[in-house]
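>>> please find the sequence and the predicted model below.
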Amino acid sequence: MCGIVGYVGTRSCLPILVEGLKRLEYRGYDSAGVAIQQNGSLKIVKAAGKIRELELRLGPNPPSGTSGIAHTRWATHGEPNDINAHPHTDSGGHLALVHNASSRTTSC
């Protein structure tokens, strides 16, 4: 299982995404990540472990923006590590996506 949350609006999306991940953490606790549109580019932060690890990795100067996606993962395929954490990106870093075991896809 996985937990997916997204936000598009006028408020800062990061607090909304992280709170959503916390509410969904029971659906996946192996890794978590966020993708946020910031000044025309994507900022991706991922971490193996619980949501608290992601919060630590976000640090004192986290990405900011008003749209983004986030994911918490329960590893059914592949090791629970930073590389396998979602969001995944295309080779140019222009598209980020998250998916769950039932193959639903959300992109940002």
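It's in.

>>> so, low pLDDT: which residues of the protein?
1, 101-108 (pLDDT under 70).

>>> can you give me the strands for it?
Using DSSP state E, the strands found in the chain span residues 2-8, 31-38, 41-48, 67-73, 88-89, 96-99, 105-107.

>>> CSV for the ones you listed, including mean neighbour count and distance to residue 18?
C-beta here means a position set from N, CA and C on the backbone, and glycine is covered the same way. What follows is these, written out as CSV (neighbours: other CB atoms under 10 Å; distance: least, CB to CB, whole Å):
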stretch, mean neighbour count, distance to residue 18
strand 2-8, 20, 9
strand 31-38, 26, 7
strand 41-48, 19, 10
strand 67-73, 26, 7
strand 88-89, 16, 19
strand 96-99, 21, 15
strand 105-107, 13, 17
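
>>> out of those strands, which gets nearest to residue 15?
strand 2-8 (9.5 Å; CB to CB).

>>> other SSEs contacting the closest one?
helix 13-24, strand 67-73, strand 96-99 (3 or more CB pairs under 8 Å, 6 or more residues apart in numbering; DSSP states H and E).

>>> what is the first one packed up against?
Using 3+ CB pairs under 8 Å, 6+ apart as the contact definition, the elements that helix 13-24 packs against are strand 2-8, strand 31-38, helix 51-58, strand 67-73.

>>> for residue 16, find the nearest of the strands of the chain.
Closest among those, using CB to CB: strand 2-8, at 4.7 Å.

>>> each with direction, which strands does that closest one pair with?
strand 67-73 (antiparallel) (DSSP bridges).

>>> what residues does the strand it pairs with touch?
With CB atoms under 8 Å, 6 or more residues apart in numbering as the test, strand 67-73 has contacts from 2-9, 13-14, 17-18, 20-21, 24-25, 27-37, 51, 80, 84-87, 96-98, 106-108.

>>> please redo it, this time with the cut-off set to 6 Å
2-6, 8, 13, 17, 21, 24-25, 28, 30-37, 86, 98, 106, 108 (CB atoms under 6 Å, 6 or more residues apart in numbering).

>>> one step back: ok, which of the helices and strands packed on helix 13-24 comes nearest residue 44?
strand 31-38 (5.1 Å).

>>> and the closest one, what does it pack against?
strand 41-48, strand 67-73 (3 or more CB pairs under 6 Å, 6 or more residues apart in numbering; DSSP states H and E).
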